[in-house]
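>>> predicted model follows, preceded by the sequence.
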Amino acid sequence: MPATSYLALGAILFCIGLYGVLTKRNAVLVLFSIELMLNAANINLVAFSKFGLYANQMGQVFTLFTITIAAAEAAVGIAILFALYRNRNTTHADEFDTMKG
């Protein structure tokens, strides 16, 4: 498969994630959309490391770092959402506009 197929897949996934971030009101779906965007970037990093001008393993190493950061972001985000849900009984991102309980 040529590199353009992987890059097109990454672009499609990134656009779906961006659409989810911009249009969804549920905070959990927004977090999932951010994860989708990070995975699209990971696909592009691996494609460039495999099919780039100077093919090496650096893209895959960056992908491992990105996966680690994404896992930490998901854990912290879900913990914050649990705390907000306990206080406000909703997961709609539109209602999280103030810091007051």
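Nice, I can see it.
>>> ok, residue 39 touching residue 9?
No: when contacts are counted by Cβ atoms under 8 Å, residue 39 is not listed as touching residue 9 (10.3 Å). Where C-beta positions appear, they are placed from N, C-alpha and C, glycine not excepted.
>>> which one of those two has more residues nearby?
Comparing residue 39 with residue 9 by other Cβ atoms under 10 Å, the one with more neighbours is residue 39, at 18 against 15.
>>> show me where this protein dips below the pLDDT cut-off.
96-101 (pLDDT under 70).
>>> which helix runs longest in the chain?
Assignment by DSSP state H gives helix 58-88 as the longest helix of the chain.
>>> the residue nearest the centre of the chain: what secondary structure?
When Cα atoms, centre = their mean is applied to the chain, the residue found nearest the centroid is residue 35 (2.2 Å). Under DSSP: H, G, I helix; E, B strand; the rest coil, residue 35 falls in the helix class.
>>> which residues touch it?
17, 70, 74 (Cβ atoms under 8 Å, 6 or more residues apart in numbering).
>>> gap between it and residue 8?
20 Å (Cβ to Cβ, to the nearest Å).
>>> so residue 43 makes contact with residue 12?
No: using Cβ under 8 Å as the test, residue 43 is too far from residue 12 to be in contact (10.0 Å).
>>> what about these two, which has more around it?
Using other Cβ under 10 Å as the criterion, residue 43 and residue 12 rank with residue 43 on top: 19 against 12.
>>> any chance of the contacts of residue 35 in TSV, with neighbour count too?
Below are the contacts of residue 35 laid out as TSV (neighbours: other Cβ atoms under 10 Å):
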residue	neighbour count
17	21
70	17
74	15
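>>> got phi/psi on residue 2?
With angles defined as degrees, to the nearest 10, residue 2 sits at phi -80, psi 170.
>>> could you measure the residue nearest to it when sequence neighbours are not counted against residue 66, distance?
Excluding its sequence neighbours, the residue lying closest to residue 2 (Cβ to Cβ, 6 or more residues apart in numbering) is residue 51, at 7.5 Å. Note on residue 51: its distance to residue 66, by Cβ to Cβ, is 19 Å.
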